[in-house]
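A.B. asks: quick check, what structure comes out for this input:
(2 chains)
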Amino acid sequence: MKIARYQLKAGHELRSYEFISEGPKGLILKRIQFTLVNRQGIYNLAFGDKDFTTGELDDKAVSNNGDSEKVLATVIGAVFAFFDQHQDAWIFATGSTAARTRLYQMGIAKYYNEISTELEIYGQIEEDWHPFEKNREYLAFLAKLKTS
Amino acid sequence: MKTIEELNKSKVPIVIFDKSLDKLNDVVLFPEKVKKAKETIAKIGLPKKSTAVNK
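C.D. replies: Residues are numbered from 1 along each chain as shown, chains lettered A, B, ... in the order given. Below is the predicted model:
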């Protein structure tokens, strides 16, 4: 990845990650989690900010820390780290709101040429999955490693 | 061992291991998202045909 990304910390199973966003709003701890959804090896990808006051995680937070590209590149890095250890897994992702899902859509589109060499990516339209295309809107996304 | 150039080109980032994060594996941090994922997969499953090609 050419874009700078934050240093990731992870557990040994590479399912739970954290990193610290740095920007005008200060230091924000972000957590990424891949949660097993079912026995087919599908994992949900989610990430959010840790609220230091309540200790809770907020996946609807808009940090406005001026580093959204770097955050996105870091999350994509976590996806590749996860696949390095879970090569047969599928990753499901969707936004916490429609606007957030559109942000993911734009983020995937931005890096698509780079990541599609190694990943199959699908988008959900109504009740079906379609190979990802840059200019379409989707409800959710699925990704898996291309097999050799 | 990979060279610095290979590491820099790699899509897999260098990750610092932190044992404390393993404790989170069994804690669902984002339950609404997981619920939505389960519902979607139960309803529409996986893509019918993979477009996988050789790396």
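
A.B. asks: wait, a strand at A:F34?
C.D. replies: Yes: the assignment for A:F34 is a strand, going by DSSP: H, G, I helix; E, B strand; the rest coil.

A.B. asks: what residues are up against it?
C.D. replies: A:14-16, A:43-45, A:82, A:86, A:89, A:91 (CB atoms under 8 Å, 6 or more residues apart in numbering or on different chains). C-beta: built from backbone N, CA, C; applies to glycine.

A.B. asks: recalculate using a threshold of 10 Å.
C.D. replies: By CB atoms under 10 Å, 6 or more residues apart in numbering or on different chains, A:F34 lies in contact with A:13-17, A:43-47, A:78-79, A:81-83, A:86, A:89, A:91-93, B:25.

A.B. asks: could you do B:F17 as well?
C.D. replies: Here B:F17 is in contact with A:9-12, A:14 (CB under 10 Å, 6+ apart).

A.B. asks: hang on, A:W90 packs against A:Y43?
C.D. replies: Yes: the criterion here is CB atoms under 10 Å, and A:W90 meets it with A:Y43 at 7.0 Å.

A.B. asks: which neighbours do the two share?
C.D. replies: Common neighbours of A:W90 and A:Y43 (CB under 10 Å, 6+ apart) are A:V37.

A.B. asks: residue ranges with poor pLDDT in chain B?
C.D. replies: Residues of chain B meeting the criterion pLDDT under 70: B:1-9, B:49-55.

A.B. asks: could you pull out the helices for it?
C.D. replies: Along chain B, the stretches classed as helices by DSSP state H are B:4-9, B:19-22, B:31-44.

A.B. asks: for the residue nearest the centre of chain B, which non-adjacent residue is closest in space?
C.D. replies: Closest residue to the average C-alpha location of chain B: B:V12 at 11.5 Å, with CA atoms, centre = their mean. Of all residues not flanking B:V12 in the chain, A:F80 sits nearest, at 4.6 Å (CB to CB, 6 or more residues apart in numbering or on different chains).

A.B. asks: surely that neighbour is in contact with A:H86?
C.D. replies: No: checked against CB under 10 Å, the pair A:F80 and A:H86 is beyond contact range at 11.0 Å.

A.B. asks: shared neighbours, the two?
C.D. replies: A:L145.

A.B. asks: now A:R5: how far from chain B?
C.D. replies: Separation of A:R5 from chain B (CB to the nearest CB, to the nearest Å): 6 Å.

A.B. asks: would you confirm that that residue contacts A:F19?
C.D. replies: Yes: taking contacts as CB under 10 Å, A:R5 lies within contact range of A:F19: 8.3 Å.

A.B. asks: returning to what we had before: what residues does the residue nearest to the centre of chain B make contact with?
C.D. replies: B:V12 neighbours (CB under 10 Å, 6+ apart): A:1, A:14, A:77-85, A:118.

A.B. asks: can I get these in a markdown table including distance to A:V62 and secondary structure?
C.D. replies: Listed next are the contacts of B:V12 as a markdown table, based on distance: CB to CB, whole Å; DSSP: H, G, I helix; E, B strand; the rest coil:
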| residue | distance to A:V62 | secondary structure |
| --- | --- | --- |
| A:M1 | 24 | coil |
| A:L14 | 27 | coil |
| A:G77 | 22 | helix |
| A:A78 | 20 | helix |
| A:V79 | 22 | helix |
| A:F80 | 26 | helix |
| A:A81 | 26 | helix |
| A:F82 | 25 | helix |
| A:F83 | 28 | helix |
| A:D84 | 30 | helix |
| A:Q85 | 31 | helix |
| A:E118 | 30 | coil |
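
A.B. asks: thank you kindly, that will do.
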